[in-house]
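[1] Got a predicted structure plus its sequence, pasted below:
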Amino acid sequence: NSFVPGCVRRMIRSYRSRKGSNSVLFRVLKTFSKGSIDNQVNLNDDIHFSDEVYDCMWFKVKNFSQDADLSAKNLASIAKKIIRKENQKPDTMVKTFYRALQYAPPLLLEKDTEPMTEEDYSEIIGKLSYPHGNLMEVNSPLECFLENSPAFCAPLPDDASTSVCDLQYMSKYQVTEGTPYRYGGKAYVKDGKITKIEGLDHVGDKFDTKKNIFLSSFAVHVVAVRHAVMGHLAMYQKYNMRLTANRSKEYQDLWKKYKSPELLMKGLIPYYANMVNYNIQLLIGPANSLVGRATSFTNDAMTLAFIEKYEEYYSKTPEELIREIGSCGSKSWNSACLRAWDAAKKVVDIICRDLKGSPELKDTDLEDLAMLLWTGTFYHGFIGDFQLDNVIKGNLPFLLTGEDHKQTKAYGTLSSVIGASTMSRTMDMDTLGRYFYTKEDRDAWKEYQKELTLCAQQVGIKGFTYESNVYNAIDF
């Protein structure tokens, strides 16, 4: 870990010669943004089982070595720019990127204060496409919160016309020196407006300041907690590992014996999904990760907050998790979460009917597979793409200023890279559905897609739909 790659040493020398400039940091950030990849499910590959696992931050990942050549090919564009070696293992590359982030200079907000332009965004995002296009487009952090409030604001027990989003759990975590506020706040919403914010007594009576503190807290809650920590680590990676790590040869052979179940497993746990969650340390890891650079938390506080939320969510069963997620939103959101869960269990039950009763299966295996499906389609289809669309344009601002957010080139470059780095895509559901072996399986898959569309309509968020915009596995 003490080894410092040559590219990092060169960056340090360049930084020392360019103090007072964001140019070196921008160059590092823009390199990271080029790493997103499309179509990561190869139906000719074997299911990615592994008997070797190791710890990564607060969770486990499968060994990469058996597929290092494939990964190097997929990530060649990054490897060429960062370490100039196309055959490096992906874990080696991520460690190099992480060191580069740690050694890179800080973001200077007093520099590059002109507004971000469409040309600036295009330079960072390149040919990558927004998953929802303009379907869920909003124009400000406040609009972002209010438009999506059905998924985050629960109705009061004694007044269904008013809903509340409680982010007070953030207030106990330390912020960086010189930051005059702490994250947190409890916002009440009625008739499409925030009517009251509680829990920020240290701010005084300045409603606009409280509102902006809450909106920054909401950004961290959505991008880091609900998307990265909950969606990727405590949910998707947990069930990925339970189904594919350190399982018997008989169990592995069982999945290869039946074509449609094997295809479903391939679609939900492609090799790159494991790599995606290993990569997540670049997004939310301690010591100057991408989100770490954008928030006002100290590195230690951010790490503690994420570990505590991870352990809270990881300890829950699938049913408990889904009810927890549903209860944080409107009655329609809660109903849609449960409806999608029932639909996921039903389609897994149909496609995997020949596996039921097999002694090689644990009692929880098919429920775990249904949880992967629910997470990768219903949950991540919303939370992943919703946060991606909005973090890029500054509608989910992390910094705790208490003022209306300004999407300057300095902050906008960092926020755009955070979003662009989460734009990898796997196979879409329409494509996967064509390859199921029997008509019964294909029909069941189409029915599941119809249910997802109805669930999205039920939620009532403007522009939210799974039609042609849903991906069948976790994408990052």
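    Sure, I can see it. Keep in mind it's a predicted model, so treat the numbers as computed, not measured.

[2] buried residues in stretch 380-400?
    When burial is assessed from 16 or more other Cβ atoms under 10 Å, stretch 380-400 yields the following buried residues: 380-400. In this view, the C-beta of every residue, glycine as well, is placed from N, C-alpha and C.

[3] Using PDB, list the CA coordinates for it.
    Extracted in PDB, the C-alpha atoms of stretch 380-400 (Å, rounded to 0.1, in the frame of the first residue of the first chain):
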ATOM      1  CA  HIS A 380     -32.200   0.400  -8.800                       C
ATOM      2  CA  GLY A 381     -34.200   1.300 -11.900                       C
ATOM      3  CA  PHE A 382     -35.500   4.200  -9.900                       C
ATOM      4  CA  ILE A 383     -32.900   5.100  -7.300                       C
ATOM      5  CA  GLY A 384     -29.800   4.500  -9.500                       C
ATOM      6  CA  ASP A 385     -31.000   6.400 -12.600                       C
ATOM      7  CA  PHE A 386     -32.800   9.100 -10.600                       C
ATOM      8  CA  GLN A 387     -29.600  10.000  -8.700                       C
ATOM      9  CA  LEU A 388     -27.500   9.700 -11.800                       C
ATOM     10  CA  ASP A 389     -29.600  12.200 -13.800                       C
ATOM     11  CA  ASN A 390     -29.700  14.700 -11.000                       C
ATOM     12  CA  VAL A 391     -26.200  14.600  -9.400                       C
ATOM     13  CA  ILE A 392     -24.600  15.500 -12.800                       C
ATOM     14  CA  LYS A 393     -26.500  18.700 -13.200                       C
ATOM     15  CA  GLY A 394     -26.200  19.800  -9.600                       C
ATOM     16  CA  ASN A 395     -29.800  19.100  -8.500                       C
ATOM     17  CA  LEU A 396     -28.400  16.900  -5.800                       C
ATOM     18  CA  PRO A 397     -25.700  19.200  -4.300                       C
ATOM     19  CA  PHE A 398     -23.600  17.700  -1.400                       C
ATOM     20  CA  LEU A 399     -21.700  20.700  -0.100                       C
ATOM     21  CA  LEU A 400     -23.200  22.200   3.100                       C
END
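
[4] Burial check on residue 282, number of neighbours?
    21 (other Cβ atoms under 10 Å).

[5] what sits against it?
    With contact taken as Cβ atoms under 8 Å, 6 or more residues apart in numbering, residue 282 is in contact with 32, 94, 97-98, 101, 289-290, 421.

[6] Among the residues you listed, which one lies nearest to residue 414?
    Using Cβ to Cβ, residue 290 is the member of those that lies nearest residue 414, at 7.2 Å.

[7] how much space between the residue nearest to residue 139 when sequence neighbours are not counted and residue 111?
    Spatially, and ignoring its direct neighbours in sequence, residue 139 is nearest to residue 395 (7.7 Å; Cβ to Cβ, 6 or more residues apart in numbering). Here the distance between residue 395 and residue 111 works out to 23 Å (Cβ to Cβ, to the nearest Å).

[8] cool, residue 411 as well?
    Applying Cβ to Cβ to residue 411 and residue 111 gives a distance of 11 Å.

[9] Fine, thanks again, bye for now.
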